[in-house]
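1. make a model of this:
(2 chains)
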Number of protein chains: 2
Amino acid sequence: MLSNPLRVAVAGLGNVGVGVVKILEKHKELIADRAGREIVITTVCARNKNVDRGIDLSSYEWVDDATQLADMDNVDIVIELIGGEDGVALMSAKNTLNNSKSFVTANKAMIAHHGCELADMAQKNDVALRFEAAVAGGIPIIKAIGEGLAANELNLVYGIMNGTTNYMLSQMEARGLSYTDILAETEELGYLEADPALDLDGIDAAHKLAILSSVAFGTKTDFDNIHIEGIRNIETVDIEYAKELGYRIKLLGITKYEDGNLSQRVHPVMIDRNLPIAGVMDGFNAIVVDGDFIDRTFYQGRGAGEGPTASAVVADIIDIARGHKGPAFFKPTEKLVAANPVSINQRLGEYYIRLHVQDEAGVIADITASLTLANVSVKTMLQKGNERDGTVYVIMLTHDIRETAMKDALNRINELPSVIETPLSIRIEKL
Amino acid sequence: MLSNPLRVAVAGLGNVGVGVVKILEKHKELIADRAGREIVITTVCARNKNVDRGIDLSSYEWVDDATQLADMDNVDIVIELIGGEDGVALMSAKNTLNNSKSFVTANKAMIAHHGCELADMAQKNDVALRFEAAVAGGIPIIKAIGEGLAANELNLVYGIMNGTTNYMLSQMEARGLSYTDILAETEELGYLEADPALDLDGIDAAHKLAILSSVAFGTKTDFDNIHIEGIRNIETVDIEYAKELGYRIKLLGITKYEDGNLSQRVHPVMIDRNLPIAGVMDGFNAIVVDGDFIDRTFYQGRGAGEGPTASAVVADIIDIARGHKGPAFFKPTEKLVAANPVSINQRLGEYYIRLHVQDEAGVIADITASLTLANVSVKTMLQKGNERDGTVYVIMLTHDIRETAMKDALNRINELPSVIETPLSIRIEKL
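-> Numbers count the residues shown, from 1 in each chain, chains lettered A, B, ... in the order given. Sure thing, here's the model as predicted:
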């Protein structure tokens, strides 16, 4: 063991920050054995000192301003758990790396947007930038991809990357709850991000997907070209039909890379109920990675929470203590490729389409006419009456069609007078 | 990138060795980017040069004797894919490490038996000993446990560690095949180890379990105290009853560590059919790891085969090229603990018991009397007649009982005149 301990500053003392302190205290000896040197917290940092965080922090130096940590002589590496795409977090990252100190973060938004710039700073200063906790805290997926599968050319990574929406979809199915009801419950349980749109609109999952793309394919992070849809339009009726048809609805992030072309998307999908990933319920995350020599590998664990996320942060710290400081995206930054984004409009595949219409004569004929005009060929059409109000759900499964044809069909259908709700489509993915 | 390439010798040119050569050739540039330096094969080694291995090896220096590789000036690290618990493989390992060169192997038998001794040599010579490919080639599980989950105290690791027996059990269920039939088929497909007992009797899985215990718990490898049973006694009737009862039969390796006590076992189990691991079929492996902060994580991938195993070997080489040379079992060898082995007789749990008896009056009364004498309490008893020959299967599920009580009961029952086959018991595990 080296006599010199690694001195750590923890910035941000929410659940994850407190979790990091707990782990480093509880497993002090175990971690020293594994890391080859002691890891000690010297400094903690948050805006407000007078909050009961459930642990005693009095033995650590207290700093209010995270941007100061990089300059402190008793700090070797900075752990940023403040969050936010830029602001203090980003300033802290830049200060730290430019001061030739390693930087560990759980900040997915920041890495999705500024990952390459920060990786470059780390490389120039010969220090480590690590963010295992930014993606699926309970799964060491970045390490698995960047190191465990490093011998492979990867072309496909997909998975359940947001535990909150997976919980909501799981509970809607298990308990027959409406979207409105499960949303209220999830809010009450405190599972939603401060800005719920991050979860519900798929943005959080897209942050993670942007990071995984770069780790897996060696492409530059490109959040802006991710096609993102959330789960706000999914209703009980869709969950039920999915089940009837042998599918399950999941919010997946999917990234594919081939010949310089990168397709990144986050949206609800219908997938075969018997796939391993379809069985991943509630707050769990799961990631599937496909490599040319290793074939398909599957990883499942808790998506978030104090323990799993803090565990990922501390794993990064241990790696740094072990002397690992390879490039953040597992290639020198000058080798990262600016890929051509593939538009979602290029998608060729099957679709589930749900229409809510007046139950009156001629409706089906009108719908069929619209489909024909849009060149959409349907393989299954189901109809379920709603006795109370004279409306009916019409469910269709298409053959393989282009996304553009599907949109054209939905636009046409939406203009029919008997359609009383914007039509919904869900992509059926064969994974 | 460092200008100095890492020069590799590959010893053993079976499927895996050839796979390693293929990967290093095909992904030369990709791997150089990821590793931070070029990795070049200088030397290959096998006993017989005149075998068509499907690839051109003429550009590499040929050596017949693997034990010479360590002394060669143009070899920085040796990759051992020869196999065997000792012999040439072990000699090659010792020569290499004692020559202060890093050593990568896929040899589970050797690491299960000599891992600690070799780890000690690596440590003393400040080089790396790596064996990711020894356990579940298609899953980077050693890295996940030793690095990804390094912040956790682990207490439980279990999984499907032998693809061949998992294939056999899967096919017995899917196609209703008898053990004899699937064995013949598996042999024909070439899925069995040269010594089939390694697969069928659970020894291969036990080698892997011994390694995982040490990686996860920091205990010394202790193969000799693993309780090992294979699948030779599992019959179609058991597979069918398992299904009827909501279970599935899997050959699991299970290792638990608590307060210095290590329980390691490999045997068929009945587990809830709805568990993720119960859904892992055919040649796939899966490992579950339980950590105090991360909770439960699950990993699935191909268990063996040229590509996945070679991928794991090359990942180790890349790590070494990156300069990672931490301790083989993720703790300095002097910190590895000699745990107290826990006997299988300590097990408290439920059992499935299958008896094959003459269908005659008084049999059930005799069985019940034996159970009472052994203090075994049964919660379910099923009976299925076999019209053709006047015999019947009696199936029982016990309440929680000690392993010793179960054995006592089976011994008593086995002495009953109406029992025509040695009774079989399968442990029911709540995982």
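2. so which bits of the stretch 1-150 of chain A are right by chain B?
-> A:1, A:19, A:23, A:27, A:30-31, A:33-36, A:132, A:137-140, A:143-144, A:146-150 (Cβ under 8 Å from any Cβ of the partner chain). Heads up, the C-betas are built off the backbone N, CA and C, glycines and all.
3. can you give me the neighbour number for the residue nearest to residue A:360 when sequence neighbours are not counted?
-> Using Cβ to Cβ, 6 or more residues apart in numbering or on different chains and skipping residues adjacent in sequence, the residue nearest residue A:360 is residue A:418, 6.0 Å away. Residue A:418 has 19 neighbours, counted by other Cβ atoms under 10 Å in any protein chain shown.
4. so residue A:418 makes contact with residue A:355?
-> No: when contacts are counted by Cβ atoms under 8 Å, residue A:418 is not listed as touching residue A:355 (9.3 Å).
5. OK, contacts around the residue nearest to residue A:38 when sequence neighbours are not counted?
-> With sequence-adjacent residues excluded and distances taken as Cβ to Cβ, 6+ apart, residue A:38 is closest to residue A:5, at 3.7 Å. Going by Cβ atoms under 8 Å, 6 or more residues apart in numbering or on different chains, residue A:5 touches A:37, A:38, A:39, A:40.
6. state the number of residues packed around the closest residue to residue A:162 other than its chain neighbours.
-> Closest residue to residue A:162 apart from its sequence neighbours, by Cβ to Cβ, 6+ apart: residue A:205 at 4.3 Å. Around residue A:205 there are 31 other residues, counting by other Cβ under 10 Å.
7. report the secondary structure state of residue A:205.
-> helix (DSSP: H, G, I helix; E, B strand; the rest coil).
8. I'd like the distance between it and residue A:124.
-> Going from residue A:205 to residue A:124 by Cβ to Cβ, to the nearest Å gives 31 Å.
9. so what's the residue in chain A sticking out farthest from the centre up against?
-> No residue in chain A sits farther from the centre than residue A:361, which is 45.0 Å out by Cα atoms, centre = their mean. Shown in contact with residue A:361 (Cβ under 8 Å, 6+ apart): no residues.
10. skip the chain neighbours and tell me the closest residue to the one residue in the stretch 301-431 of chain A that gets nearest to chain B.
-> Among the residues of the stretch 301-431 of chain A, residue A:314 lies closest to chain B, at 3.4 Å counting by Cβ to the nearest Cβ. Once flanking residues are discounted, residue A:314 sits nearest to residue B:151: 3.4 Å by Cβ to Cβ, 6+ apart.
11. run a quick neighbour tally on that neighbour.
-> 29.
12. also residue A:298?
-> By other Cβ under 10 Å, the residues close to residue A:298 number 23.
13. leaving out chain neighbours, which residue sits closest to it?
-> Per Cβ to Cβ, 6+ apart, closest to residue A:298 is residue B:300, 4.0 Å.
14. next one: residue A:251
-> residue A:165 (4.7 Å).
15. and the one you found, how far is that from residue A:223?
-> Applying Cβ to Cβ, the value for residue A:165 to residue A:223 is 18 Å.
16. now residue A:288
-> 21 Å.
17. give me the neighbour count for the residue nearest to residue A:374 when sequence neighbours are not counted.
-> Counting by Cβ to Cβ, 6+ apart, residue A:374 lies nearest to residue A:409, which is 3.6 Å off, once chain neighbours are set aside. Close neighbours of residue A:409, defined as other Cβ under 10 Å, add up to 26.
18. pretty sure residue A:409 contacts residue A:372?
-> No: Residue A:409 is beyond contact range of residue A:372, at 9.2 Å (criterion: Cβ under 8 Å).
19. and the strands in the stretch 1-150 of chain A, which stretches?
-> Per DSSP state E, counting those that start in this stretch, the stretch 1-150 of chain A carries strands over the ranges A:2-11, A:37-45, A:61-63, A:77-80, A:102-105, A:129-130.
20. ok, the longest one: who's next to it in the sheet?
-> Yep, that's strand A:2-11 we're talking about. Strand A:2-11 sits in its sheet next to strand A:37-45 (parallel), strand A:77-80 (parallel), going by DSSP bridges.
21. okay, buried residues for that strand please.
-> A:5, A:6, A:7, A:8, A:9, A:10, A:11 (16 or more other Cβ atoms under 10 Å in any protein chain shown).
22. mind checking how far the first one is from chain B?
-> It refers to residue A:5. 16 Å (Cβ to the nearest Cβ, to the nearest Å).
23. do the last one as well
-> Distance of residue A:11 to chain B, computed by Cβ to the nearest Cβ: 18 Å.
24. for that residue, list the residues it contacts.
-> With the criterion set at Cβ under 8 Å, 6+ apart, residue A:11 makes contact with A:17, A:44, A:45, A:46, A:66, A:69, A:78, A:79, A:80, A:81, A:82, A:92.
25. wait, which of those is closest to residue B:337?
-> residue A:79 (30.1 Å; Cβ to Cβ).
26. the closest one: what's it in contact with?
-> Neighbours of residue A:79 in contact, by Cβ under 8 Å, 6+ apart: A:8, A:9, A:10, A:11, A:17, A:20, A:104, A:105, A:313, A:317.
27. report the beta-bridge partner residues of the first one.
-> Under the criterion DSSP bridges, residue A:8 forms beta bridges with residue A:41, residue A:77.
28. give me the distance between it and residue B:35.
-> As judged by Cβ to Cβ, residue A:8 and residue B:35 stand 28 Å apart.
29. which residues does the nearest residue to residue A:136 once chain neighbours are set aside contact?
-> What sits nearest to residue A:136 in space, not counting adjacent residues and going by Cβ to Cβ, 6+ apart, is residue A:285, at 4.2 Å. With contact set as Cβ under 8 Å, 6+ apart, residue A:285 has these partners: A:136, A:138-139, A:159-163, A:166, A:300-304.
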